[in-house]
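when you get a sec, could you give me coordinates for this:
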Amino acid sequence: MLRPLITLLVVVAPILLGRRGGKGSAAHGRDLRKYRNELDHATERIDGTLTEAAETVDALRRRAVNVDEAVTLLQAHEDQLDATADELREMSAPEELHGLHMEYEANLERALRGIVTAERGCGITRLPHRRPEDEEPFNYWKRGHQNIVHAQLRMREVVEVLLAWEPGKSAEVSVTTRLHRA
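Reported below is the predicted structural model:
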């Protein structure tokens with residue numbers, strides 16, 4: 001009779017006293033603040049790099065930049081984004097935000113694929129037996145540009161929700177939530 005009562009007190013007492021084990025709300029607040037700061041700094045760098053990459057690819061499409069110069073720029077953008085992607089993977093997002101954080105990372109990967117696609121188009125221009133009127137590089141540049149821009153737009157939506165999220169509220173980015181915000 002005494003043993004079940006003691007077990008009940010051991011389990012219920014911390015709850016009644018406000019100590020539920022694990023981290024307290026102050027620690028959760030610090031973790032959320034740290035995550036937001038890290039994410040904000042990373043997304044500023046990512047967004048700037050993606051804007052530059054999109055401009056470079058668009059310049060290729062308009063023939064406003066030399067292919068060799070564009071390859072150098074695109075490779076630098078890719079290296080910067082790869083390094084930042086590693087930082088994103090190391091961030092510790094609150095459990096409720098894991099899905100959105102992963103979506104952000106997935107869109108960053110999509111943007112990186114866009115850069116690689118544009119680089120592939122540049123590689124096609126160097127083929128020895130390529131016809132001068134060949135449109136294939138332009139198709140690669142167009143597809144790469146679209147991937148970069150569309151991924152960047154989605155990433156902006158996702159990061160807006162990640163940075164504004166408050167504990168206890170839903171963390172989703174959908175057409176419905178977008179309409180409610182507007």
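
what residues are up against the residue positioned nearest the centre of the chain?
In the chain, the residue lying closest to the centroid (CA atoms, centre = their mean) is Y104, at 3.1 Å. Y104 sits next to L88, M155, V158, V159, L162 when contact means CB atoms under 8 Å, 6 or more residues apart in numbering. The C-beta positions use only the backbone N, C-alpha and C, and glycine is treated the same way.

let me have the residues you listed in a markdown table, extended by distance to T49 and neighbour count.
Shown next, in a markdown table, are those (distance: CB to CB, whole Å; neighbours: other CB atoms under 10 Å):
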| residue | distance to T49 | neighbour count |
| --- | --- | --- |
| L88 | 13 | 19 |
| M155 | 11 | 23 |
| V158 | 17 | 24 |
| V159 | 14 | 22 |
| L162 | 18 | 23 |
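
in CSV: those, plus pLDDT, distance to D31 and secondary structure.
Converted to CSV, the contacts of Y104 look like this (pLDDT from 0 to 100; distance: CB to CB, whole Å; DSSP: H, G, I helix; E, B strand; the rest coil):
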residue, pLDDT, distance to D31, secondary structure
L88, 91, 16, helix
M155, 96, 22, helix
V158, 94, 20, helix
V159, 95, 18, helix
L162, 91, 14, helix
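
which one of the residues you listed is nearest to A64?
Nearest to A64, judged by CB to CB, of those is M155 at 25.8 Å.

give me the nearest residue to that closest one, chain neighbours excluded.
Spatial nearest neighbour of M155, chain neighbours left out: N107 (4.7 Å); criterion: CB to CB, 6 or more residues apart in numbering.
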